[in-house]
Every structure is written in structure tokens, then in C-alpha cells.
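> Just to be clear, the model below is a prediction. Sequence and coordinates:
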Amino acid sequence: MTPLADAQVILIDLTGEVVGFRVTGEDGSYAFANVPIGSYRLKAERVGYVESYSNGSPTLERAEFLPVTGTRPYTIDFALDLPGGISGVVTALDGVTPLDSAAVYVYDYASGRSLGLAFTTPDGWYSINYLAPGEYLVKAVSMGSVATYAGGNFNAESAPPIAVSGGTITPSVDFALPPAAMLSGIVTESDGVTPIARAAVYAYEPGENTPVAWVETHSDGTYALPVPAGTYQLSAYQFNHVSRDFNSDPDRRDAELLTVQAGELRAGLAIALTGNSLVTGSVYQPDGVTPAANVSVLLYDSPTAATFSYTTMTGPNGTFSRSVLNGTYYFEAFSPAFGSVFYDQTMNLGAAVPISVPAVLQTDGIVMTFFSPADAGTLEGSVTFQRSEPKPNPAWSMLLDLRLTPDGALAPIFVGPATTDVNGTFSLPGIPPGIYEVRVKHNHALANAATLTIASGSNTLDLGTLREGDATNDNLVNISDFSILAGAFGTADGQQAFAQQADFNEDNAITIADFSLLAASFGQSGAP
């Protein structure tokens, strides 16, 4: 082997940062001494040669890590190859007429990673140099022609690899590009309106399983697919939808035959995809009769989800449909005019009723009716905490769990947090008129509940004193709560054994005062 002097060897750490380099001597040798313990990769390069990484990888991403422990020396040799290249001519389909400024792309055959491109000269010639020895995928593209891979193939799956050797140019990788016909249209949801971005549209010759060409839809769902003159069938697919052929029954592979000539544009080819599951429903204005048009419908995959999983809009008749993956969802309808309502007629996500959506089936009848803001009432509630500080005081500002259940109903219409102010009061607006059970609980106090008739406007309710001592937050005060308090007794906030849930008087210390509060409530339970 011929030693290579004046090559650079670069040491790269785990983060990709260069931490050192050496230049090889006349004998091609190099050395790194006193390398800190860690994992490293090495790269060797020299002008006129193809760079190489440890274990002979051509890229940093695939290079091997060397674990340096401080006890074992490494000998890492490199053999730098002379670069090779690819050249050829791009012409029209006649094989004679050169195509000027056609783009020729080169990809790594194994990974598909793009490695660069070149443009043809006026006589159609191109050359791509400085390629490492290996196998490549090569494609030529020109305006008005069909993108073609080496070997005359129109898709990467069928294209042969082009071999490149070090120090030589692989010649005569020629292309004869046929003039394109154009198939264009839009891919939408099953409603025929909502566009689907990044859906794949494939063109097949009748009876064939490998597409001649394919393209992804734009953000507005539209696509333009260049193909050679011929007869094709179109199919579209997106990851959370069922594939669908153009003008075909969803359950059969019988797409309409489309015959196009060179230079012809066949437009208006719309394909509507059905998701793995489809949900449909209606949204009404507060009168329960008038459809609510142009309303946002949001789908959440959890009753505590911070963001929705899917969204759609109601049409002029107040109906909506959305393709989704099968699963369990919680529905919200939102309008600037009427606010929010959750299925099934609840006021917040925490109280929403889940809908189970099975695979490849349609789930209908998800109906939501907005509450009337004109008739809505506001609950002005108050509680008393067992605190030594008189009101008003910041110590009276506490987070409560609030539950609002209509009289005779099995499920609440509101489940969520409510924060008291410095006087121990809280407010919940937008409640439909009616009779409700109002239940509040603090995380280390027993729950209280009361019944209130909500009318339009302000409605006040005193929910009494929340009795402390529920360190386990199970709405009981018993030996389990005492055990938590006993384990933390005598500690303060910041100490290891401190238990916040046993600090019943919220003074950041577990003392005899907390024990007294627990003892006064021992054996009691809160409102169910």
C-alpha cells in the first residue's frame, strides 16, 4: 500500500464537534495522544481523494464510534480512494435531440440519500465527479418530459445501480426522456372538500403492480403527475386513510382507465379518501334547531389532552365528517359566537363523554348543541378553609376540584379546576339554567356539596368549611392519613421527609397544628 502524506485525520466527539486533527507524515502515519475518555469517530481527507470515516464509512452518520477508555490503544488505518464519476447525454425520446439544462440527480443506491446534481450543457452532456467508489441511483429531469432513471425506468424500484470505480468516470449513462402527459387533480377527505396534504398519487399501467410514476400532493391537496403517453389507472393513499382508486368503488381495485397523449393535460382528477375510521355528526345553535355552520370541531384523544388530535369544520347544514385512526375520542365544537360545547352536552373536556371509533367503520350521530349565552348563569361560589389567617389573605387562594351535575343526571357537565381568590371565592360562567349539585374538594380536605338552582345572571352559593386531614386525597380521614403526617411530623418545606399533602394549614411545616386538624376530622368522609 502506498503511504499518503499530508492527509488530515480529524477527531470528532459524540456530539459531532471536532476536538482535534493531525496531518500524516511521509510514511502516512498519525497519532492522537492523551485523548479524554469518551466515544469518538475519525475522519480522513486529502485534496483529490474521497474522504473516509472510521470503519470505512463514506458518511459521518454511519461511522463507527470508538470507545476510548484510557487503557487500550487503537490502530485505525484509512485507505483513501481516488474519486470516480458518471457522465452521459440527456436527449429527447428520439435519442438525438439534446436537452439543455436538464437536471441529473445522483443518490446513494442503498440508502436513497441525495448526493448532488449536475445540469446538462446545450449539447445535452453532463458529468458528475468526485463520487466515492460504489453503486448509485441516477435520475434525469427536464421541463415537459417524464423524469427517468438510468435504464429507461420511471420509478426508483426498477432502476438498476450504476457502478463507479475509483479514479475512473463511468461513461454513457444516457437518458432519452419521453415527452410528458400531465395528470392533475386534488385529493380530499371523504367530504370531497377538505384537502389532504402529502398524499401519494400513483399512476399504474393496467394490470401492473409497480407504478410508472408517483407524486405527493401539495398543502392544498392538489397534484400534477407527469407520465409518458399511455393508459393509466390512478390510486391515492395517505398514512391514516384507506387507499382509493380514481372513480372506483372503495372496496374494489377497478380504477377508471385514463388514456393520455404526449403534451396532453388531463385535469380535474379528484380522489376522496376515507380514513381508517370516519366520524360524522351535527352541531346546532342554542335553539337546538338551527344548524351551526362554519364551526370548528376538535377531537381529543384524552380527557386531559392539551391539544387536539384532529379538526374539521361544519358545513352550511351544520354537519361534519372526519377521517381518523380508530381509537377513543372526545369532541368539542367551538364558535366565536357561542363558545364551546363538548359531547355529550358538557362544558369542558374533563366531563366530556368518550366515543369509541372502530377500525374501517363509520361512527355517526355525534350531535352537539351550543348553550345559550343569553340565558347562561354564573356560579359565584365560596368556601371556608381551616386557616388561622383572616380574610382577605393570599393563603385563601387555593386550587379546588369542581364538579357540576344537573339534577337527575348520571354524569356532570363540568369537571375541572377552580381557583379561589384571597377571600375564598371562585366563579364559573356560562352555565345553562337548571338545578345542579355543586361539589368542591381540595386535595387534602374533604369534599363538600350543595344543590343550587342556576338562573340567568349571577348565582351565589356558600359551600361551607372544607374539613382538613385528607392527606391521601381519597375523601376519607383515617389511619392512612395519620401515617403520612406521622412520617413527616416536625419537618419543614425543603427537608427530605416533608410531605406537602400533610401540611393541612399550608404554613410549610408539619406541626401539632396539622395534627389537630386531622384529629378533628378523623373517621369522617366527604360528600360523594
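Yep, that arrived.
> What's the separation between the closest residue to residue 1 other than its chain neighbours and residue 143?
Excluding the flanking residues, the one nearest residue 1 by C-beta to C-beta, 6 or more residues apart in numbering is residue 79, at 6.9 Å. Heads up, the C-betas are built off the backbone N, CA and C, glycines and all. As judged by C-beta to C-beta, to the nearest Å, residue 79 and residue 143 stand 43 Å apart.
> Using the three-state scheme, assign the residue nearest to residue 1.
Under DSSP: H, G, I helix; E, B strand; the rest coil, the three-state class of residue 79 is coil.
> Quick check, residue 298 in contact with residue 334.
Yes. Using C-beta atoms under 8 Å, residue 298 is in contact with residue 334, at 6.6 Å.
> Neighbour count: these two, which is higher?
residue 298 (21 against 17; other C-beta atoms under 10 Å).
> Extract the CA atoms of stretch 163-178 and return them as PDB.
These are the backbone C-alpha positions of stretch 163-178, laid out as PDB (Å, rounded to 0.1, in the frame of the first residue of the first chain):
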ATOM      1  CA  ALA A 163     -21.300   1.300 -10.500                       C
ATOM      2  CA  VAL A 164     -18.500   3.800 -10.000                       C
ATOM      3  CA  SER A 165     -14.800   2.800  -9.600                       C
ATOM      4  CA  GLY A 166     -12.100   4.900  -8.000                       C
ATOM      5  CA  GLY A 167     -10.100   7.100 -10.400                       C
ATOM      6  CA  THR A 168     -12.400   6.500 -13.400                       C
ATOM      7  CA  ILE A 169     -15.500   8.000 -15.000                       C
ATOM      8  CA  THR A 170     -18.400   5.600 -15.700                       C
ATOM      9  CA  PRO A 171     -19.400   6.800 -19.200                       C
ATOM     10  CA  SER A 172     -22.500   6.600 -21.400                       C
ATOM     11  CA  VAL A 173     -25.100   6.800 -18.600                       C
ATOM     12  CA  ASP A 174     -27.500   8.200 -21.100                       C
ATOM     13  CA  PHE A 175     -31.200   9.200 -20.900                       C
ATOM     14  CA  ALA A 176     -33.900   9.600 -23.600                       C
ATOM     15  CA  LEU A 177     -36.700  11.400 -21.900                       C
ATOM     16  CA  PRO A 178     -40.200  10.900 -23.300                       C
END
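> what's it in contact with?
Residues from elsewhere that reach stretch 163-178 (C-beta atoms under 8 Å, 6 or more residues apart in numbering): 50, 81-95, 99, 102, 104, 127, 129, 131-136, 138, 140, 142, 145-148, 150, 152, 162, 228-229, 262.
> same question, stretch 273-280
The contact list for stretch 273-280 (C-beta under 8 Å, 6+ apart) reads 187-190, 196, 199, 236-238, 240-244, 250, 299, 319-327, 329, 355, 357-366.
> Buried subset of the residues you listed as a PyMOL selection?
The buried residues among those can be selected in PyMOL (16 or more other C-beta atoms under 10 Å) with this line:
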select buried, resi 187+188+189+190+196+199+236+237+238+241+242+243+244+299+319+320+321+322+323+324+325+326+327+329+355+357+363+366
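> Can you flag which of the contacts of stretch 273-280 belong to strands?
Residues of these located in strands (DSSP state E): 187-189, 236-237, 241-242, 244, 299, 319-324, 327, 329, 355, 357, 362-366.
> Pull out the buried positions in the one helix or strand residue 381 maps to.
Using DSSP states H and E, residue 381 falls within strand 377-385. Residues 377, 379, 381-383, 385 are the ones in strand 377-385 that count as buried (16+ other C-beta under 10 Å).
> Please apply the same query to stretch 486-502.
Using 16+ other C-beta under 10 Å as the burial criterion, the residues of stretch 486-502 that qualify are 488-489, 491, 498-499, 502.
> Report the contact partners of the residue nearest to residue 1.
Counting by C-beta under 8 Å, 6+ apart, residue 79 makes contact with 1, 52, 56.
> Any idea how far apart the tips of stretch 22-33 sit?
End-to-end span of stretch 22-33 (C-alpha to C-alpha, to the nearest Å): 11 Å.
> what distance separates that stretch from the centre of its chain?
Offset of stretch 22-33 from its chain centre (C-alpha atoms, centre = their mean, to the nearest Å): 48 Å.
> Show residues contacting that stretch.
Applying C-beta under 8 Å, 6+ apart, the external contacts of stretch 22-33 come out as 3-9, 11, 20.
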